[in-house]
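Undergrad: Predicted model and sequence follow; I will ask about them next.
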Amino acid sequence: MKRPGPLLTLLAGLLLGLFMLILNTTTGTEAASSTYKKEPPAATASPSPARSTASPKPSPSRSRVSDASYAGRTDDDSSAVAVSVRDGRAIAYFCDGRSKESWLKGDVRADGSMRLTGTDGAELNGTVKENKRIRGSVDIGGGHYAFTADKAKKPSGLYRATATVRGAKIDGGWIVLQNGRQVGVVTRDGTAEAAPTIDPGTGAVTVGGQQLTARPVNP
């Protein structure tokens with residue numbers, strides 16, 4: 001009986017070759033798998049913070065100056081000053097009770113400051129303090145007069161009377177102070193003199209034999 005030597009050798013070689021082929025294929029697959037790098041997940045953009053739609057709070061507005069009248073004396077006690085404030089406007093009167101006087105007017109700013117002007121270059125600069133008083137100065141006729149005028153309570157305040165008496169033009173101004181004292185000047189056709197006393201309750205006053213009515217002054 002013949003031994004199948006060559007046939008077995010050939011078969012063994014085929015099996016060995018097949019085994020090596022399978023082994024190489026498996027190794028290549030694993031190598032390819034190991035060298036493959038997964039891409040990192042795409043970065044997710046974080047949402048931008050929402051912008052606040054709330055509008056900024058407005059700054060508090062200054063309180064407006066209250067309507068009121070003020071009356072007082074100059075620091076040297078030579079004259080009187082009265083100021084009447086209404087709706088952001090002011091009218092003032094300065095007088096020494098003898099011959100020097102001036103009516104002044106102008107605007108009052110939101111912070112209470114004012115610059116009032118009159119005839120012949122007269123000027124009043126002042127500021128309302130806490131709606132209680134006015135501190136300022138009057139420049140008139142070459143003189144400078146600092147003053148303080150406190151808030152007036154009726155019948156104190158500023159009064160005026162105008163009329164024509166016996167052909168003469170009359171223009172009178174009165175400042176009634178808190179203590180009841182009155183300071184005023186009456187001008188007749190341009191000539192100034194001390195004003196007679198008025199009745200603070202009614203405003204009645206007699207000028208040149210004619211009874212007139214002095215009324216509270218508003219701008």
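TA: Cool, the structure landed.
Undergrad: Tell me how many other residues crowd Asp87.
TA: 11 (other C-beta atoms under 10 Å). Using the backbone N, CA and C atoms, a C-beta is placed for each residue, glycine as well.
Undergrad: cool, Pro155 as well?
TA: 15.
Undergrad: repeat for Lys105
TA: Lys105 is flanked by 17 other residues according to other C-beta under 10 Å.
Undergrad: so what's it bridging to?
TA: For Lys105, the beta-bridge partners are Ile91, Thr117 (DSSP bridges).
Undergrad: correct me, but it touches Thr117?
TA: Yes. Taking C-beta atoms under 8 Å as the definition, Lys105 is a contact partner of Thr117 at 7.3 Å.
Undergrad: pLDDT weak spots in this structure?
TA: 1-63 (pLDDT under 70).
Undergrad: what residues are up against the nearest residue to Ile198 once chain neighbours are set aside?
TA: The shortest distance from Ile198 to any non-neighbouring residue, by C-beta to C-beta, 6 or more residues apart in numbering, is to Val205 (4.1 Å). In this structure, Val205 makes contact with Ala161, Gly172, Trp174, Ala195, Pro196, Thr197, Ile198, Asp199, Gln211, Leu212, Thr213, Ala214, judged by C-beta atoms under 8 Å, 6 or more residues apart in numbering.
Undergrad: which is the next helix or strand following the host helix or strand of Val205?
TA: Assigned by DSSP states H and E, Val205 falls within strand 204-207. Scanning forward in sequence from strand 204-207 by DSSP H and E, the next helix or strand is strand 210-213.
Undergrad: What strands line up against the helix or strand just after that following strand, and which way round?
TA: Using DSSP H and E, the helix or strand that follows strand 210-213 towards the C-terminus is strand 215-216. Here strand 215-216 has these sheet partners by DSSP bridges: strand 157-165 (antiparallel).
Undergrad: and the strand it pairs with, which residues are buried?
TA: Neighbour counts using 16 or more other C-beta atoms under 10 Å place Gly157, Leu158, Tyr159, Arg160, Ala161 of strand 157-165 among the buried residues.
Undergrad: Same question for stretch 88-95.
TA: Buried residues in stretch 88-95 (16+ other C-beta under 10 Å): Arg89, Ala90, Ile91, Ala92, Tyr93, Phe94, Cys95.
Undergrad: The fifth one against Pro216, yeah?
TA: No. Using C-beta under 8 Å, Tyr93 makes no contact with Pro216, being 11.8 Å away.
Undergrad: List the buried residues for stretch 212-219?
TA: Those would be Leu212, Ala214, Val217, Pro219, for stretch 212-219 by 16+ other C-beta under 10 Å.
Undergrad: now, which of those sits nearest Asn125?
TA: Pro219 (17.1 Å; C-beta to C-beta).
Undergrad: got the contact list for the closest residue in space to Gln211 that isn't next to it in sequence?
TA: Distances taken as C-beta to C-beta, 6+ apart put Ala204 closest to Gln211, at 6.3 Å, once the chain neighbours are dropped. Counting by C-beta under 8 Å, 6+ apart, Ala204 touches Ile198, Gln211, Leu212, Thr213, Ala214.
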